[in-house]
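Asks: Following is a predicted model, sequence given first.
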Amino acid sequence: MSGLRAETLLELARASGATVTTAESCTGGMVAAAITDVAGSSEIFERGFVTYSNAAKTDLLGVSPVTLEVHGAVSEEVTREMAVGALQAAHATVAVSISGIAGPGGSEFKPEGRVCFGLATRDSVQTKTVEFGAIGRAEVRAAARDEALDLLVSALRDRQV
């Protein structure tokens, strides 16, 4: 199913001349892999960032250590900064970011299956949180990958870029 989403993304990005980048934490590059699985993806995808640690988020994407300390890595505030940082670093048209708790584990305040997303364009930044629940690590990661692809497709369909 992610292949169809990625193919649609490629078609829409080509049609609008858009370029795409990713900033991933809990998915570990799964969104970038889904995009680059599609032949011709090099036309719209130059690079992605796997920033699993807080240090990587800060060093590669410019996420503020204060934001990380105050809100934690799994927060809309952090995914906002991740998306903006990726957009700027990659000189892309649209960026998606992901940070979440794939499991096992979590806490009362940040349960397993919580994933935060950011979507940045030159004109706007949006964030959202999805509670996938304790459905298993692989399932949370796959669902987060698909949600990120859907966010990118929607942004291009709605001509937000």
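Replies: That came through, no problem. Residues are numbered from 1 along each chain as shown.

Asks: hey, let's count contacts and neighbours off CA atoms from now on
Replies: OK.

Asks: Please enumerate the strands of this structure.
Replies: Assigned by DSSP state E, the strands in the chain fall at 20-24, 45-50, 94-100, 114-121, 125-131.

Asks: helices or strands up against the longest one?
Replies: For strand 114-121, the contact count by 3 or more CA pairs under 8 Å, 6 or more residues apart in numbering; DSSP states H and E identifies helix 76-90, strand 94-100, strand 125-131, helix 137-157 as packing neighbours.

Asks: and the first one, average pLDDT?
Replies: Mean pLDDT, computed over helix 76-90, is 98.

Asks: by contact count, what packs against that helix?
Replies: On a contact count with 3+ CA pairs under 8 Å, 6+ apart, helix 76-90 meets strand 20-24, strand 45-50, helix 54-61, helix 65-71, strand 94-100, strand 114-121, strand 125-131.

Asks: circling back to that earlier point, switch the strands of the chain over to TSV; also include mean neighbour count.
Replies: Listed next are the strands of the chain as TSV, based on neighbours: other CA atoms under 10 Å:
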stretch	mean neighbour count
strand 20-24	30
strand 45-50	20
strand 94-100	30
strand 114-121	27
strand 125-131	16
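
Asks: now for the ones you listed, which one comes closest to residue 56?
Replies: Relative to residue 56, the nearest member of the strands of the chain by CA to CA is strand 45-50, separated by 8.1 Å.

Asks: Paired strands for that closest one, with orientation please.
Replies: strand 20-24 (parallel) (DSSP bridges).

Asks: What does the pLDDT read for the residue nearest the centre of the chain?
Replies: In the chain, the C-alpha closest to the average C-alpha coordinate belongs to residue 97, at a distance of 2.5 Å (CA atoms, centre = their mean). What the model reports for residue 97 is a pLDDT of 98.

Asks: Flag the shaky bits of the chain, pLDDT-wise.
Replies: Counting by pLDDT under 70, the low-confidence segments of the chain come to 1, 160-161.
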